[in-house]
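Engineer: have a look at this prediction, sequence included:
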Amino acid sequence: MTKTQSDNQDQRRNAILEAAFSLFGQVGYTKATMKDIAAKAGVAQGLIGYHFSTKETLLVEVVKEWMINRGLKEAFAKLDFHVSPSELLQQGLLHVVTFRKENPEWFTLLISLWTESVSNEKLANEVRELYKEMKASIIVIINSLELELSPGEKETLASLFQAIFDGLTLQSPLLLSPEPLSYEQVSQGIGWMLDGIRSHSQKKGD
């Protein structure tokens, strides 16, 4: 395969991902058909099968693209690891809030993934792997905070941050939550968590 052919394949694959993200996010996983996705991407329907084999594989790859390849990579690129722990976490939080606002389809997409994984073991395993990867990235940030925590405690803290991020997503649609928590409120809550961790560490050192 020549470089031009490879580039064309990448462009078509990306077009499919963009179309699937849009349609899964607008009408949900169940209602979005492969035919509709192909039409929106401007490709033959068979090409979706060539790149992703099944609709559920496409769903996982779309979530992975926006959660890991775009969400986490963009977040790490913008973080300043030389600031205080609370400022660093606030930077990460602000990125999550901004990402949710700029990608409103993310709510329906993530709900679709959770819903489908309940009765689909293969999909459930993919979800677990996605969250493991996300947690590993959060632990990298936690390690940079130089908090006196054991590896198990760091995993627990990372899980709490994941829950906060997912909670912000769940609160994003106005119809479901007319008064969602603001960035300032969540930022304050993270400050309380850090204060509690420091206080706990000091008591252990006494």
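Structural biologist: Yes, it's here. Numbering: from 1, shown residues only.
Engineer: show me which helix or strand of this structure is least confident by mean pLDDT.
Structural biologist: helix 183-205 (a mean of 75; mean pLDDT, DSSP states H and E).
Engineer: helix/strand/coil for the spatially most central residue of the chain?
Structural biologist: Centroid-nearest residue in the chain, with Cα atoms, centre = their mean: Met67, separated by 3.1 Å. What DSSP: H, G, I helix; E, B strand; the rest coil gives for Met67 is helix.
Engineer: gap between it and Leu194?
Structural biologist: To Leu194, Met67 is 25 Å away according to Cβ to Cβ, to the nearest Å. In this view, the C-beta of every residue, glycine as well, is placed from N, C-alpha and C.
Engineer: likewise for Leu23?
Structural biologist: For Leu23, the distance to Leu194 (Cβ to Cβ) stands at 40 Å.
Engineer: go on, Ala38?
Structural biologist: Where Leu194 is concerned, Ala38 sits at a distance of 48 Å (Cβ to Cβ).
Engineer: what about the nearest residue to Pro85 once chain neighbours are set aside, neighbour count?
Structural biologist: Closest residue to Pro85 apart from its sequence neighbours, by Cβ to Cβ, 6 or more residues apart in numbering: Leu145 at 4.1 Å. Leu145 has 17 neighbouring residues, counting by other Cβ atoms under 10 Å.
Engineer: what of Glu105?
Structural biologist: Neighbour count of Glu105, defined by other Cβ under 10 Å: 16.
Engineer: list the residues that contact it.
Structural biologist: Neighbour list for Glu105: 21-22, 24-26 [criterion: Cβ atoms under 8 Å, 6 or more residues apart in numbering].
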